[in-house]
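Undergrad: Got a sequence here, can you build the structure:
(chains A and B)
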Amino acid sequence: MNLRTFLLGTCSAVALAGPAQAETLTIATVNNGDMIRMQKLTDDFTSKNPDIQLEWVTLEENVLRQRVTTDIATKGGQYDIMTIGTYEVPIWAKQGWLLPLDNLGADYDVDDLLPAIRSGLTIDGKLYAAPFYGESSMVMYRKDLFEKAGLTMPDAPTWDFIAEAARKITDKDSEIYGICLRGKAGWGENMAFLTATANAFGARWFDEKWQPQFDQPEWKNALDFYVKLMNDAGPPGASSNGFNENLSLFQTGKCGMWIDATVAASFVTNPKESTVADKVGFALAPDTGLGKRGNWLWAWNLAIPAGSQKTEAAEKFIAWATGKDYLKLVAEKEGWANVPPGTRTSLYENPEYQKAAPFAKMTLDSINAADPKNPAVKPVPYVGVQFVAIPEFQGLGTAVGQVFSAALAGQMSVDQALASAQQLSTREMTKAGYIK
Amino acid sequence: MARNVSTRRKLAVTAVAWTIGILIFFPILWTFLTSFKTEAQAIASPPAFLFFDWTTENYFEVQSRSNYFKHFLNSVVVSFGSTLLGLIVAIPAAWAMAFAPTKRTKDVLMWMLSTKMMPPVGVLVPMYLMFRNSGLLDTRTGLVIVLTLINLPIIIWMLYTYFKEIPGEILEAARMDGASLSKEIIYVLTPMAIPGIASTLLLNIILAWNEAFWTLNLSAAKAAPLTAFIASYSSPEGLFYAKLSAASTMAIAPILILGWFSQKQLVRGLTFGAVK
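TA: As a prediction, the model looks like this:
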């Protein structure tokens, strides 16, 4: 029996190497609600395109990133369509790893894509990936706690107001903390939040000559502000909190404010999951009056690896999944509140969507307030709001994230953390050849 | 010869053994319990231990979202295939080293073990390129080959230590009676080493079943085993613990049951020698 199954395996492997009849697209994707919903709705696509079959590979974000990077860097050809973030698109396009999406069809309406999202996916005037859903960050706050403290949240708050309100709301005896922010180390965890926040404080990762800027006063202001605020008004053990930990704190009523991804809005307002569903208000991410808001910009996008043999079918699928009709299809089947947000202007002009999603306007304003090509107050040589779109950033961002997380945990001072961040980023950037 | 052990001492030892057992088993139990909670209950703090609304909706959700049986079959083929292939290579190798050692045998054994000391990610790209060039990416054959190679040092080492305990004189006697080399291995050595071979087999099936680095990296859609099935239920943004727990429970259940039924062989092979 065992030998037989083994032989069967060998036979099927040999069979796989033979020519395929109907075209099968293998699609690598992340495990999040909108993507899972799309997998359930693909009957609509396959009934319109009976000669194309779809095979899904769903993976957790970090596993997916490692997996598709290995494949595209070695031209492994395992996937016909890849789901990648706004961090990868500019790097991969520059490497010549992605196919420009020129043939998405006449009714695709590229100009309908939100300009901020589209600009991050366009290199030298060509679109290299089509956005499936986009997000920014914003303030989510408890209206009842604000009322009790006699505070009113403005639509566009400043960091000073946020800090004052957070300290006022905090009531550690009854386990209510004024503000919950990310503290867990990682380039996509605390550094996403801190890099975006630093933009609002006038800081930047590198100057025009790729010199790290952690020794500048702007970074000291930003990090000092964050550590003090979290010590006074944050939950205990904040240095190990990421998105999911803060989500659960907020949903159980322990946070006055939470600044994080706009996609969280649908979780915290869902009465099935959240005990504070009817008490949540939204505001733009805070600024310090310097002209930049501390909100990030992220999108999950569909792209075709260069050298793909099934370009035509892949383009058809991308046009279907990121097109206007798909939004209508989701609305018909699952309601307007479940439509993937943050990609198309027309969605935000739709009165039905505005009615179904109370956070729609705030999401749109937040996305529009981010500019990936000019993220900081001062000029920078890189693209990206909460990241720096260079291949070295994953490692570097995580290393810096670890020292900043240590500063939050009180294992080192803010000055020590910044000195150490400056030292290790200078070393990495010199090694990588950016600093001559 | 049994020693005289006081009742109090017996009690203490039992208590310690149970505590350690429960500590080790607790994560699995917790996963199992979480798989019957709703997503909101799964992250509730303080967590509910037994008194919550038991629900099987996670299992239905997991069933409707992915093809469990396909992943299960891949896992069976890959883990059994790689272990059997490994045994076919390892039994003669271990025989040679146990009964016909040379000056260099110890070095060879150490060298084989040393291949396990390198972090696998160090050879990911070369392996990936070799697999790509030979068309083995995302095939079960490819996964069988790579898992055989990975577990081979362990199989050889385990078999070597079992074979070492079989007195060479028994084999000599067989040879005196005119047994050929193949007959000696098949009819004399193997039956005596069955407990050792059985526990090697079981341990390696478990290791291959749980191997997550290579199976995730070298498979995509067609050959993906249960490790890929679990990986599709984790997420950095959103609630997933209950569904992930359901997927994990489904993934470990077969191997847990196999271990349960074969624990006698497993324990005997691991604690006793081959010939006693």
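
Undergrad: Now do the SS call for the most centrally placed residue in chain A.
TA: For chain A, A:Trp298 is the residue whose C-alpha lies nearest the centre (C-alpha atoms, centre = their mean; 3.7 Å). With DSSP: H, G, I helix; E, B strand; the rest coil as the basis, A:Trp298 sits in strand.

Undergrad: Pull the contacting residues for it.
TA: Neighbour list for A:Trp298: A:Gly85, A:Thr86, A:Gly134, A:Glu135, A:Ser136, A:Ala261, A:Gln386 [criterion: C-beta atoms under 8 Å, 6 or more residues apart in numbering or on different chains]. Just so you know, the C-beta spots here come from the backbone N, C-alpha and C atoms, and that holds for glycine as well.

Undergrad: is it true that the last one touches A:Trp187?
TA: No. Counting by C-beta atoms under 8 Å, A:Trp187 is not a contact partner of A:Gln386; they are 9.1 Å apart.

Undergrad: which of these two has more neighbours?
TA: A:Gln386 (28 against 21; other C-beta atoms under 10 Å in any protein chain shown).

Undergrad: Looking at the residue nearest to the more buried one when sequence neighbours are not counted now. What's its pLDDT?
TA: In this structure, A:Gln386 finds its nearest non-sequential neighbour in A:Trp296, 3.6 Å apart by C-beta to C-beta, 6 or more residues apart in numbering or on different chains. The model reports A:Trp296 with a pLDDT of 90.

Undergrad: partner residues bridging the residue nearest to the centre of chain A?
TA: A:Glu135 (DSSP bridges).

Undergrad: same check, this time on A:Ile81
TA: Beta-bridge partners for A:Ile81, by DSSP bridges, are A:Ile27.

Undergrad: Report how many residues lie close to it.
TA: 24.

Undergrad: check contacts around it.
TA: A:Leu25, A:Thr26, A:Ile27, A:Ala28, A:Leu302, A:Ala303, A:Ile304, A:Ala314, A:Phe317, A:Ile318.

Undergrad: Can you tell me which of these end up in strands?
TA: A:Leu25, A:Thr26, A:Ile27, A:Ala28, A:Leu302, A:Ala303 (DSSP state E).

Undergrad: What residue, apart from its backbone neighbours, is nearest the last one spatially?
TA: Okay, so that is A:Ala303. That would be A:Ala129: by C-beta to C-beta, 6+ apart, it lies 3.9 Å from A:Ala303.

Undergrad: what's the answer for the first one, then?
TA: Distances taken as C-beta to C-beta, 6+ apart put A:Asp80 closest to A:Leu25, at 4.5 Å, once the chain neighbours are dropped.

Undergrad: So, low pLDDT: which residues of the stretch 151-276 of chain B?
TA: B:237-238, B:269-276 (pLDDT under 70).

Undergrad: Please repeat the previous calculation with a cut-off of 50.
TA: For the stretch 151-276 of chain B, applying pLDDT under 50 flags the ranges B:274, B:276.

Undergrad: Enumerate the residues of it near chain A.
TA: B:216-217, B:220-224, B:228, B:231-240 (C-beta under 8 Å from any C-beta of the partner chain).

Undergrad: Identify those among these that sit within helices.
TA: In this view, these that belong to helices under DSSP state H are B:Leu216, B:Asn217, B:Ala228, B:Ala231.

Undergrad: Would you check which pair of those residues lies furthest apart?
TA: For these, with distances taken as C-beta to C-beta, the pair at the greatest spread is B:Asn217 and B:Ala231 (10.9 Å).

Undergrad: Extract the CA atoms of stretch A:128-138 and return them as CSV.
TA: Output in CSV follows, covering the C-alpha atoms of stretch A:128-138 (Å, rounded to 0.1, in the frame of the first residue of the first chain):
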residue,chain,number,x,y,z
TYR,A,128,3.3,47.0,-12.6
ALA,A,129,0.6,45.7,-10.3
ALA,A,130,-3.1,46.1,-9.9
PRO,A,131,-4.4,47.0,-6.4
PHE,A,132,-6.9,44.6,-4.9
TYR,A,133,-7.4,46.4,-1.7
GLY,A,134,-5.8,49.4,-0.1
GLU,A,135,-5.4,50.7,3.4
SER,A,136,-4.0,53.6,5.4
SER,A,137,-3.9,54.2,9.1
MET,A,138,-6.2,56.3,11.3
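
Undergrad: Who are the contact partners of the closest residue to A:Phe225 other than its chain neighbours?
TA: Spatial nearest neighbour of A:Phe225, chain neighbours left out: A:Trp159 (6.7 Å); criterion: C-beta to C-beta, 6+ apart. Listed by C-beta under 8 Å, 6+ apart, the contact set of A:Trp159 reads A:Ala200, A:Phe201, A:Phe225, A:Pro286, A:Asp287, A:Thr288, A:Gly294.

Undergrad: What is the neighbour count of B:Phe25?
TA: A total of 10 residues lie near B:Phe25 under the criterion other C-beta under 10 Å.

Undergrad: what's the longest helix along chain B packed up against?
TA: Identified as the longest helix of chain B according to DSSP H is helix B:68-99. Applying 3 or more C-beta pairs under 8 Å, 6 or more residues apart in numbering or on different chains; DSSP states H and E, one finds that helix B:68-99 contacts helix A:2-17, helix B:105-114, helix B:140-164, helix B:190-210, helix B:226-231, helix B:241-261.

Undergrad: which of these is buried the deepest?
TA: helix B:226-231 (a mean of 24; mean count of other C-beta atoms under 10 Å in any protein chain shown).

Undergrad: pLDDT at the residue nearest to A:Leu25, what is it?
TA: 95.

Undergrad: got a list of what the closest residue to A:Ala319 other than its chain neighbours touches?
TA: Excluding the flanking residues, the one nearest A:Ala319 by C-beta to C-beta, 6+ apart is A:Leu104, at 4.4 Å. Contacts here follow C-beta under 8 Å, 6+ apart; on that basis A:Leu104 touches A:Val110, A:Ala130, A:Glu315, A:Ile318, A:Ala319, A:Gly323.

Undergrad: Same question for A:Gln416.
TA: So A:Gln416 contacts A:Ala407 (C-beta under 8 Å, 6+ apart).

Undergrad: if we can go back for a sec, just send the ones in helices among the residues of the stretch 151-276 of chain B next to chain A back as TSV, with distance to B:Gly135 too.
TA: Putting these into TSV (distance: C-beta to C-beta, whole Å) gives the following:
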residue	distance to B:Gly135
B:Leu216	19
B:Asn217	17
B:Ala228	20
B:Ala231	24
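
Undergrad: Which of those residues sits closest to A:Asp215?
TA: B:Asn217 (39.5 Å).

Undergrad: what about that closest one, how many neighbours?
TA: 21.

Undergrad: Please apply the same query to B:Met130.
TA: So B:Met130, with other C-beta under 10 Å, has 14 neighbours.

Undergrad: Quick check: closest non-adjacent residue to it.
TA: Closest residue to B:Met130 apart from its sequence neighbours, by C-beta to C-beta, 6+ apart: B:Leu136 at 7.9 Å.

Undergrad: May I ask you to confirm that that neighbour is in contact with B:Gly142?
TA: Yes. If you go by C-beta under 8 Å, B:Leu136 and B:Gly142 touch, sitting 3.3 Å apart.

Undergrad: Next up, the contacts around the closest residue to A:Thr345 other than its chain neighbours.
TA: Using C-beta to C-beta, 6+ apart and skipping residues adjacent in sequence, the residue nearest A:Thr345 is A:Asp112, 5.4 Å away. By C-beta under 8 Å, 6+ apart, the contact set of A:Asp112 is A:Lys324, A:Arg344, A:Thr345, A:Ser346.

Undergrad: Put together TSV for those residues, with secondary structure and pLDDT on each row.
TA: What follows is these, written out as TSV (DSSP: H, G, I helix; E, B strand; the rest coil; pLDDT from 0 to 100):
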residue	secondary structure	pLDDT
A:Lys324	helix	93
A:Arg344	strand	94
A:Thr345	helix	93
A:Ser346	helix	93
